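S.K.: Give me the fold of what follows.
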Amino acid sequence: MDQTTAAKSFLAALYDLSFHAFITPKIIQVVYFIALIGIGIGSLAYLGSAFMPEYSFFGPPQGPSFGGIILHIILTPIIFVLGSIAARIYLEFIVAVFRIAENTEGLRNRS
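M.R.: Alright, predicted model coming up:
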C-alpha cells in the first residue's frame, strides 16, 4: 500500500459515519509519542520547580533548599518512568479493546 492509498483510507475511515473502520489503532503511535512529550515536559517542570523560591505565611520568601533540589533530581526520572508506564498501559488497553472488536467482527462475518 503506498502513501496516497494509506492517506485516502485513513481519511475515508476518519469520515466514515457508520464507524465500520477504526482509526485509533492507526494513530496510537502518534498519541503515545505526544504523551511522552507531555510527560517529559511535566517532568522538566517538576525539576524546575525545585529552583523556585519557597513562600510561607509567616515570613519572606526563602530560596530553594539543597534537600529539596536533591529530592527533585531523584524524583524527576522516577516520575518520567512511571508516567511513561501508565501511558503505555492505558494505550495498550485501548488497542486491546479495538483488536477484540476487530476479531469479534471477523468471527461474526465468518458465521
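
S.K.: From the contact counts, what lies against the longest helix seen in the chain?
M.R.: Using DSSP state H to define each element, the chain has its longest helix at helix 66-110. Judged by 3 or more Cβ pairs under 8 Å, 6 or more residues apart in numbering; DSSP states H and E, helix 66-110 is in contact with helix 24-48. (C-beta placed from N, C-alpha, C; glycine too.)

S.K.: quick one: contacts of the helix it packs on?
M.R.: Here helix 24-48 makes contact (Cβ atoms under 8 Å, 6 or more residues apart in numbering) with 10, 13, 72-73, 75-77, 79-80, 83-84, 87-88, 91, 94-95, 98-99, 102.

S.K.: Rounded mean pLDDT for it, please.
M.R.: Average pLDDT, helix 24-48: 94.

S.K.: Now the element after it, going C-ward?
M.R.: Next along the chain after helix 24-48, taking DSSP states H and E as the criterion, comes strand 54-56.

S.K.: For that following strand, buried residues please.
M.R.: For strand 54-56, a neighbour-count test (16 or more other Cβ atoms under 10 Å) marks nothing as buried.

S.K.: Start the count at 50 instead of 1 going forward.
M.R.: Sure, I'll start numbering at 50, so the last one becomes strand 103-105.

S.K.: Just checking: what are the partner strands of it?
M.R.: Partner strands for strand 103-105, per DSSP bridges, with pairing direction: strand 108-111 (antiparallel).

S.K.: How much space separates the residue positioned nearest the centre of the chain from Ile119?
M.R.: Of all residues in the chain, the one closest to the mean position by Cα atoms, centre = their mean is Ala84, 2.6 Å from it. Distance of Ala84 to Ile119, computed by Cβ to Cβ, to the nearest Å: 28 Å.

S.K.: Likewise for Ala94?
M.R.: Applying Cβ to Cβ to Ala94 and Ile119 gives a distance of 18 Å.
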